[in-house]
Structures are given as C-alpha cells and as structure tokens.
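Engineer: need a structure here:
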Amino acid sequence: MNNLCVAHRGFSGKAPENTMAAFRMAMAEPYVQWMEIDTQLTADGIPVVIHDFSLDRTTSGSGKVKAHTWQQLQRLDAGSWKGRAFQGERIPSLDEVLRLSCGRVRLNIELKTSGNMYPGLEQAVLERVSRYHMEQDVVITSFDTGALQRVKEINPGFKTGLILDGRPKDLPSRLKALQCSFLSIGHPNLDTGLASLLISEGIKVMAWTIDDARGMKRIAAMSPEILICTNRPDVWRNTFPD
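Structural biologist: Alright, predicted model coming up:
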C-alpha cells in the first residue's frame with residue numbers, strides 16, 4: 001500500500017480528537033495503519049492523550065492540563081464540543097490507547113512539551129510503550145529537540161522523529177545529529193527535491209495535515225513512501241481507492 005494513511009488524533013474529522021471514539025472509528029477502517037496522538041502529563045505524573053496545553057477548547061474543563069490530577073481529568077467531558085453523540089467521552093490515558101492499539105495499528109506519539117515543562121514525560125511514555133511491547137510499532141516525535149535527545153538517552157532503541165513546520169537548509173544533518181530516522185513535516189514545506197533527499201538518507205517522512213484529495217495527490221506524486229497524516233481517512237480512501 002502506498003502513502004500510508006495516518007489518522008491525525010484518530011478520525012478527528014468526524015469524532016472528537018484524541019478520544020477513544022476517534023481512535024476506534026479510525027481503527028475500524030482496515031486501511032488506517034497508523035494513528036498520530038499527543039501526550040502530556042497530569043499533575044500526578046500520568047501520561048494522558050490531549051493536544052492543547054489548555055483544557056478549554058476540547059473539554060468541559062478549563063486551565064492547564066498539567067495543573068490537574070488524573071482523577072480530576074476523568075470527570076471532564078471531552079466529547080460534547082464535537083456533538084451530542086459524543087457526550088461523556090473522556091480524556092484517555094496513554095495506557096488506554098496503547099491497550100487498544102497493541103497489535104492492530106502503529107502509533108506516532110507526539111511529546112507535547114517545551115523545555116522543562118514536563119520533567120519525566122519521556123520516561124513515563126517509554127515505560128508504557130515497553131510494557132505493551134510496542135517498541136517496533138511506535139515512533140516518538142516532538143517539536144522539542146531536548147525531548148528527543150532524552151528519549152535516545154533513556155533507550156536508544158526507540159525510533160524518534162522531529163516535527164517541523166518549516167524548511168531549514170541543513171535538515172538531513174540536523175536529523176542525523178538528533179539520531180532521528182523520522183520527519184513529521186507540515187505538507188506545504190515538502191517538494192519532490194526535499195522528499196527525494198530525505199528518503200535517500202533513510203528518513204521516513206510524514207506530511208501533515210492534509211484533508212483534501214488534491215493535497216494528497218500532490219504528496220503521492222513525490223513518492224509512494226511518504227505517509228499522509230489526515231483528519232479525514234475517508235478522503236484518503238476515496239483518493240486512493242485501490
């Protein structure tokens with residue numbers, strides 16, 4: 001299968017992002033081989049799956065994720081904002097998502113952190129991935145280079161990837177210095193020349209976030225090896241029906 005489909009925060013075009021409903025909906029589609037998820041830590045050190053540093057946009061709560069305990073986050077509704085059908089969806093723990101995904105789908109786990117915002121995040125995430133023996137089915141990604149370096153210090157066996165929304169000139173050497181074998185790049189920054197260079201250097205490339213057929217076809221024309229990250233796996237299926 002070419003240009004593998006990565007469900008961005010699950011099937012987030014139709015279900016509330018980063019919830020079990022969105023992950024189950026994505027995994028119900030046999031062509032979804034990857035999901036991209038975001039992880040942060042609760043006040044009591046539990047890795048949870050949520051994108052924003054603040055609770056306000058996607059839950060019934062407010063304030064910072066990191067200021068709340070796991071028990072406090074469990075009381076919040078993370079589904080109603082997307083529609084009444086999703087009322088009562090909760091913020092999942094990373095454990096819940098790993099348990100669901102194990103042996104069924106690969107995960108791109110983004111560490112949502114900056115500087116020393118979340119001491120211990122890398123350790124907590126790697127421990128849980130190892131507990132489910134998913135080391136080979138996971139790539140750990142981040143905008144934060146310090147987080148990626150800490151992952152390699154803790155366990156060099158984990159695959160890591162830099163997330164970029166730009167196009168620095170020294171990209172291959174920067175990735176090499178970070179020991180990254182994966183690049184998650186905002187799709188407008190990608191062209192055939194850069195894609196070919198990265199692939200020839202052994203870098204796995206994922207383009208994000210593309211929800212229209214035209215954008216998907218543009219990426220597919222560069223190389224069949226580029227992963228396509230989308231909120232709309234159904235659009236991916238209609239674009240690449242075979």
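Engineer: Stretch 182-194: how far from the chain's middle?
Structural biologist: Remark: stretch 182-194 is offset 16 Å from the chain centroid, using Cα atoms, centre = their mean, to the nearest Å.
Engineer: repeat for stretch 57-68
Structural biologist: 20 Å.
Engineer: which outside residues touch it?
Structural biologist: Contact with stretch 57-68 is made by 16-18, 40-43, 48, 50-56, 72-73, 76-78, 80-81, 91, 117-118, as judged by Cβ atoms under 8 Å, 6 or more residues apart in numbering. For every residue, glycine as well, the C-beta is placed using N, CA and C.
Engineer: Quick one: end-to-end length of it, please.
Structural biologist: 16 Å (Cα to Cα, to the nearest Å).
Engineer: Ok, stretch 129-141 next?
Structural biologist: First-to-last residue span, stretch 129-141, Cα to Cα: 14 Å.
Engineer: average pLDDT for stretch 206-219?
Structural biologist: If you average the pLDDT over stretch 206-219, you get 98.
Engineer: Tell me which residues of that stretch come out buried.
Structural biologist: Neighbour counts over stretch 206-219 (16 or more other Cβ atoms under 10 Å) mark 206-211, 215-216, 218-219 as buried.
Engineer: for stretch 72-87, same thing?
Structural biologist: Using 16+ other Cβ under 10 Å as the test for burial, stretch 72-87 gives 73, 76-82, 86.
Engineer: how distant is it from the center of its chain?
Structural biologist: Put simply, stretch 72-87 sits 21 Å off its chain's centre (Cα atoms, centre = their mean).
Engineer: The residue sitting nearest the centre point of the chain: what's it in contact with?
Structural biologist: What sits nearest the mean C-alpha location of the chain, by Cα atoms, centre = their mean, is Glu36, with 2.6 Å. Each residue near Glu36 by Cβ under 8 Å, 6+ apart is listed here: 6-9, 107-108, 110, 184, 206, 208, 229.
Engineer: Pipe these into a markdown table and attach secondary structure and distance to Ala22 per row.
Structural biologist: A markdown table is the format used below for the contacts of Glu36 (DSSP: H, G, I helix; E, B strand; the rest coil; distance: Cβ to Cβ, whole Å):
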| residue | secondary structure | distance to Ala22 |
| --- | --- | --- |
| Val6 | strand | 13 |
| Ala7 | strand | 8 |
| His8 | strand | 9 |
| Arg9 | coil | 6 |
| Leu107 | strand | 13 |
| Asn108 | strand | 15 |
| Glu110 | strand | 15 |
| Ser184 | strand | 19 |
| Met206 | strand | 18 |
| Trp208 | strand | 16 |
| Cys229 | strand | 14 |
